[in-house]
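1. Predicted coordinates and the sequence they were generated for:
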Amino acid sequence: MPVPAAAAFDLFFGGSILPWRHFEECSYIRVLEDDGDGRQLLEAEETVEFAFLHLHKTLRTRLLVTLDRPAGTMAFRLAERGVLRRFEGQWRLVATGPSSCELLIMQEVQPKWAPRPLRRRMRYALLAFCEFMLREMRDEAARVAAGRPAAGPRACDGIRAAEAEAVVAVAS
C-alpha cells in the first residue's frame, strides 16, 4: 500500500471501516471495551446480499472485532453462528518503508453446510470476493496517497467509537 502503516490503519479500520464497505448495511457497531490506548473490542453486525448460481440471499453476520492500533491489527470472529460455521481471521499492517506498508491477511471461512458439488464453486466465489475487496483497498490507499479524498460513504461510514452507543440505541 502506498501509505504509512498508521495512515492505512486509520483508513481501513477507522471511521470509514473500508473492509466493510462492500456490505449492504451495517446494522450496528457497539464498543464493548476501549482501553484508551488504541485497543478496542467491538461487536458489529453487517448485512450482505449475494448471488451464487441461481440462489440470491441476504445474510446477516455478527462479529466480534478486536482493533489494536499500536500493533496494526484487526482480528475478528463470529459472535453468533448463522449460515457460517466459522468466520475468523486477522489482518495485520506491516510497515515496509516510511510511506508504505503491506497488508497480511489470514482468515478462515467455513459455511455451516454446503452440498459437495458446490463446495469448489463456493470457494472460488469467496476467493473472488476477497480479491475484489483487496483491489478496492489498494485503490483507496492509492487515491489517498495521491492527495484525492477517500471514496464516498458506504455501509458503516461515519460510525466512530464515541458515536457507537447512540447507533446501538437507535438500532434497538
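-> Noted; the coordinates are in hand. Residues are numbered from 1 along each chain as shown.
2. in the chain, which spans are strands?
-> Ranges of strands within the chain are 25-34, 39-52, 55-68, 73-80, 84-97, 100-111, based on DSSP state E.
3. could you say what helices and strands the fifth one packs with?
-> Contacting strand 84-97 under the criterion 3 or more CB pairs under 8 Å, 6 or more residues apart in numbering; DSSP states H and E are the following elements: helix 5-13, strand 55-68, strand 73-80, strand 100-111. (C-beta placed from N, C-alpha, C; glycine too.)
4. Can you say which of these is packed in most?
-> helix 5-13 (a mean of 21; mean count of other CB atoms under 10 Å).
5. Restricting to C-alpha, output that helix in PDB.
-> Extracted C-alpha coordinates of helix 5-13, given in PDB (Å, rounded to 0.1, in the frame of the first residue of the first chain):
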ATOM      1  CA  ALA A   5       1.000   1.800   8.200                       C
ATOM      2  CA  ALA A   6      -0.600   4.200  10.800                       C
ATOM      3  CA  ALA A   7      -2.400   6.000   8.000                       C
ATOM      4  CA  ALA A   8      -3.500   2.700   6.400                       C
ATOM      5  CA  PHE A   9      -4.900   1.600   9.800                       C
ATOM      6  CA  ASP A  10      -7.000   4.700  10.100                       C
ATOM      7  CA  LEU A  11      -8.100   4.400   6.500                       C
ATOM      8  CA  PHE A  12      -9.100   0.700   6.700                       C
ATOM      9  CA  PHE A  13     -10.200   0.200  10.300                       C
END
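6. Return the set of buried residues in the top helix by length along the chain.
-> Taking DSSP state H as the criterion, the chain has its longest helix at helix 116-145. Buried residues in helix 116-145, counting neighbours by 16 or more other CB atoms under 10 Å, are found at 133, 137, 140-141, 143-145.
7. what stretches of this structure score poorly on pLDDT?
-> Low-confidence segments of the chain (pLDDT under 70): 15-25, 50-52, 149-172.
8. Quick check: most distant residue from the centroid of it.
-> In the chain, the residue that sits farthest from the middle, by CA atoms, centre = their mean, is Pro117; the gap is 29.0 Å.
9. want to try TSV for the strands of the chain, with distance to Asp10 as columns?
-> TSV is the format used below for the strands of the chain (distance: least, CB to CB, whole Å):
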stretch	distance to Asp10
strand 25-34	16
strand 39-52	13
strand 55-68	11
strand 73-80	12
strand 84-97	10
strand 100-111	12
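10. mind checking which of these is nearest Pro2?
-> Taking CB to CB, strand 100-111 is the member of these nearest to Pro2, at 5.8 Å.
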